[in-house]
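Colleague: Sequence plus predicted model, see below.
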Amino acid sequence: NDAGQTLSNDGTFSYLDGTSTQQTLSTASDPTVTITEPNIGISMAATSDFVLTEGGTIEYTVKVFNSSGANAATAYNVAFNDTLPFGSQKWETVSSLAFSSTTDVGNETNNSDLANGIVSYAIDSIAVGDTAYITFRVAADGDPNLKTDTDTLDNTAYATATSLPGTQGTANATPGNPGE
């Protein structure tokens, strides 16, 4: 299923009447539904585009958003993860974690492991057009191996979401596993 896709649902019911003649009833019209899906996105901004070979601190602000538009839906079970290049001659510390949001973002759970350079949040939901903001600082003691403007320390973050709430979908109201 893709956002904007239209599905029709026609139904028929067959039975044998009192004279054992098969009778068939069908819908007068084929009702249709249009698929809606979350449109989750992520952007990241840093207070600096570089870390000197002598080291320094950079503050990142990450936006996890659910774009508005035709056939957009609330994003559920949003997972944000940023595993920083960490340890020897990379980022040395991660600190000052903060979470904020626009008006219609569900509860968040901080699953970060800052000692190992992992910034991670689980967010219950992000409504259409709303944004969650995650801010953190990273510090580097300096990397003598970074000698030119072309040497980089990459930082890539990821966000995923589902279109139904809960691990089973529909807020776990229906027993069974997804897809059953």
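Modeller: Here it is on my side, so go on. Numbering: from 1, shown residues only.

Colleague: At the geometric centre of the chain, which residue do we find?
Modeller: By C-alpha atoms, centre = their mean, the mean C-alpha position of the chain lies nearest to residue 160, the distance being 2.9 Å.

Colleague: Who does the closest residue to residue 134 other than its chain neighbours form a beta bridge with?
Modeller: Counting by C-beta to C-beta, 6 or more residues apart in numbering, residue 62 is the residue found nearest to residue 134 once chain neighbours are left out, at 4.5 Å. To be clear about C-beta, it is placed using only N, CA and C from the backbone, and glycine gets the same treatment. Beta-bridge pairing for residue 62 (DSSP bridges): residue 44, residue 134.

Colleague: how near is residue 62 to residue 69?
Modeller: The gap separating residue 62 from residue 69 is 22 Å, by C-beta to C-beta, to the nearest Å.

Colleague: same check, this time on residue 18
Modeller: On the measure of C-beta to C-beta, residue 18 and residue 69 end up 55 Å apart.

Colleague: Between the two, tell me which one has more neighbours.
Modeller: Taking other C-beta atoms under 10 Å, residue 18 and residue 69 do not tie; residue 69 has more neighbours (10 against 5).

Colleague: dump the residue contacts of that one.
Modeller: residue 39 (C-beta atoms under 8 Å, 6 or more residues apart in numbering).

Colleague: Tell me how far residue 35 lies from residue 6.
Modeller: 8 Å.

Colleague: Same check on residue 46?
Modeller: 42 Å.

Colleague: which one of these two has more residues nearby?
Modeller: Neighbours were tallied for residue 46 and for residue 6 using other C-beta under 10 Å; the higher tally belongs to residue 46 (14 against 9).

Colleague: From the centre of this structure, point out the most distant residue.
Modeller: Quick read of the chain (C-alpha atoms, centre = their mean): farthest out is residue 19, 58.3 Å.

Colleague: Now the helix or strand residue 109 falls within: buried residues?
Modeller: Applying DSSP states H and E as the criterion places residue 109 in strand 108-110. By neighbour count on 16 or more other C-beta atoms under 10 Å, the buried set for strand 108-110 is residue 108.

Colleague: For it, what is the distance to the chain centroid?
Modeller: 13 Å (C-alpha atoms, centre = their mean, to the nearest Å).
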